[in-house]
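K.L.:
Sharing a sequence plus its predicted fold:
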Amino acid sequence: MITKCIRPSNLEEALEQLNQQGYDGQLIAGGTDLVIEIKHHPYEKSTLIDISRLKELRFIEIGEAEICIGAGTRFSDIVNHPEMKGICAGLWEACSSVGSPQIRNAGTIGGNICNGSPAADSVPPLLALDAQVIIKDAAKTRTMGLKDFYVDKGKVAIEANELLYAIKFRKPRKGEYITFEKLGLRKALAIARLSCAVFISLGEGDKIEDIRIATGAMGAYPQREEALEKLLIEEVLDAPLIKRSTYEIFQIAKQRLGGRSSSVFKCEAIQGLFGKALRRAAKEAKSYDFHQFNS
């Protein structure tokens, strides 16, 4: 049961409080999921550590080769950024699809990642971008791949005294593009019933030099589809390959979902989502002029 709330004035103080509170401490930033959880379910932790006003966690840094986004960055910050849509369309699209304007103004990308939800909108494009997470505690900083951050549904590889500081990934270059597709129950305020992100790098003759595919709500947590990626790498992207790849993702979904009630629907739907994301990524990669965003 929550009995008190602490509001640190800076990141160092927040990390000290996490260290002191241990398991009883719970970080809160946007609170769009946590407040509902506390209100409607028994809650074991006693102390909220409010990091919503920490400027050290709210930033978007676009360098020549890398992009770094602070964990406290709001979805609306990403959506309203003048360069993000042009450089990382799939991530921008995912952030644009989150909830309502009110939720996008409050919810943070770090909270979306740490919540461990299989349907987290921002995670599939970040996985497809091969993102890394930067994690801090009072004594050290460590970095790990986002694809290794998820342990199980609602469980992530972060300790009670640690805080997600930022997410970083390589900036897409000429001939590379990322897309995001989502299927919800309605057009707005919908949690994704299924989502898919595709990052592709095309070479001469439409040869796939690199491809990363990630899905959401198709398992216990969002994940990379590395087996499918291996089948497509170094292949020439054409209609028969797209047809074969959509069949393969159908088989992956069928095996993963087993006898779940949603299996039939999701196995069919993922083919359409993935096919659309792949075709759009390939089309845009051919015409994508990276240098226009560096002028």
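P.N.:
Right, received. Where do you want to start?
K.L.:
And the helices in the protein?
P.N.:
In the chain, the helices defined using DSSP state H lie at 11-21, 34-40, 75-80, 84-87, 89-96, 101-106, 109-114, 123-128, 226-232, 239-257, 263-287.
K.L.:
how about those, which one is nearest E56?
P.N.:
Evaluated over the helices of the chain, closeness to E56 peaks at helix 11-21, with 4.3 Å, by C-beta to C-beta. C-beta coordinates here come from the backbone N, C-alpha and C atoms, glycine included.
K.L.:
Point out the other helices and strands that the closest one packs with.
P.N.:
Packing partners of helix 11-21 (3 or more C-beta pairs under 8 Å, 6 or more residues apart in numbering; DSSP states H and E): strand 25-28, strand 47-50, strand 163-170.
K.L.:
and the first one, average pLDDT?
P.N.:
Regarding strand 25-28, the rounded mean pLDDT is 95.
K.L.:
Turn the helices and strands packed on helix 11-21 into a markdown table, columns for mean neighbour count and distance to D210.
P.N.:
Formatted as a markdown table, the helices and strands packed on helix 11-21 follow (neighbours: other C-beta atoms under 10 Å; distance: least, C-beta to C-beta, whole Å):
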| stretch | mean neighbour count | distance to D210 |
| --- | --- | --- |
| strand 25-28 | 20 | 35 |
| strand 47-50 | 20 | 40 |
| strand 163-170 | 22 | 11 |
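K.L.:
Throw those into JSON lines and include distance to I200, thanks.
P.N.:
Below are these laid out as JSON lines (distance: least, C-beta to C-beta, whole Å):
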{"stretch": "strand 25-28", "distance to I200": "35"}
{"stretch": "strand 47-50", "distance to I200": "40"}
{"stretch": "strand 163-170", "distance to I200": "14"}
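K.L.:
what stretches of the stretch 101-250 of the chain score poorly on pLDDT?
P.N.:
Regions of the stretch 101-250 of the chain meeting the criterion pLDDT under 70 cover residues 185-192.
K.L.:
if you set the cut-off to 50 instead, what comes out?
P.N.:
Across the stretch 101-250 of the chain, the stretches falling below the confidence threshold (pLDDT under 50) are 188-190.
K.L.:
still on that earlier bit, looking at the helices and strands packed on helix 11-21, which is nearest to L228?
P.N.:
When those are ranked by distance to L228, counting by C-beta to C-beta, first place goes to strand 163-170 at 20.3 Å.
K.L.:
who's in contact with the closest one?
P.N.:
By C-beta atoms under 8 Å, 6 or more residues apart in numbering, the list of residues contacting strand 163-170 from outside reads 11, 14-15, 18, 27, 51, 57, 59, 65-71, 109-110, 113-114, 126, 129-137, 141, 146, 158.
K.L.:
okay, the helices of the chain in a markdown table with distance to K153 next?
P.N.:
Formatted as a markdown table, the helices of the chain follow (distance: least, C-beta to C-beta, whole Å):
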| stretch | distance to K153 |
| --- | --- |
| helix 11-21 | 24 |
| helix 34-40 | 14 |
| helix 75-80 | 22 |
| helix 84-87 | 29 |
| helix 89-96 | 20 |
| helix 101-106 | 21 |
| helix 109-114 | 13 |
| helix 123-128 | 13 |
| helix 226-232 | 20 |
| helix 239-257 | 13 |
| helix 263-287 | 16 |
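K.L.:
which of these sits most buried?
P.N.:
Of these, the one with the most neighbours on average (mean count of other C-beta atoms under 10 Å) is helix 123-128, at a mean of 30.
K.L.:
residue contacts, the spatially most central residue of the chain?
P.N.:
Nearest to the mean C-alpha position of the chain, counting by C-alpha atoms, centre = their mean, stands V123 at 1.5 Å. V123 makes contacts with N112, I113, L146, A214, G216, P222, as judged by C-beta under 8 Å, 6+ apart.
K.L.:
can those go into TSV with extra columns for distance to S261?
P.N.:
Formatted as TSV, the entries for the contacts of V123 read as follows, by distance: C-beta to C-beta, whole Å:
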residue	distance to S261
N112	26
I113	28
L146	29
A214	24
G216	18
P222	20
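K.L.:
what's the most distant pair in those?
P.N.:
Put simply, by C-beta to C-beta the two of the contacts of V123 set farthest apart are N112 and A214, 14.1 Å from each other.
K.L.:
excluding its backbone neighbours, what's nearest D121?
P.N.:
With C-beta to C-beta, 6 or more residues apart in numbering as the measure, A94 is the residue that lies nearest to D121, at 4.6 Å, once sequence neighbours are left out.
K.L.:
how close does that neighbour get to I109?
P.N.:
Remark: distance between A94 and I109 (C-beta to C-beta, to the nearest Å) = 10 Å.
K.L.:
quick one on the thing from earlier: what's the residue nearest to D121 in contact with, if anything?
P.N.:
Residues near A94 by C-beta under 8 Å, 6+ apart: D121, S122, P124, P125, F180, K182, S195, A197.
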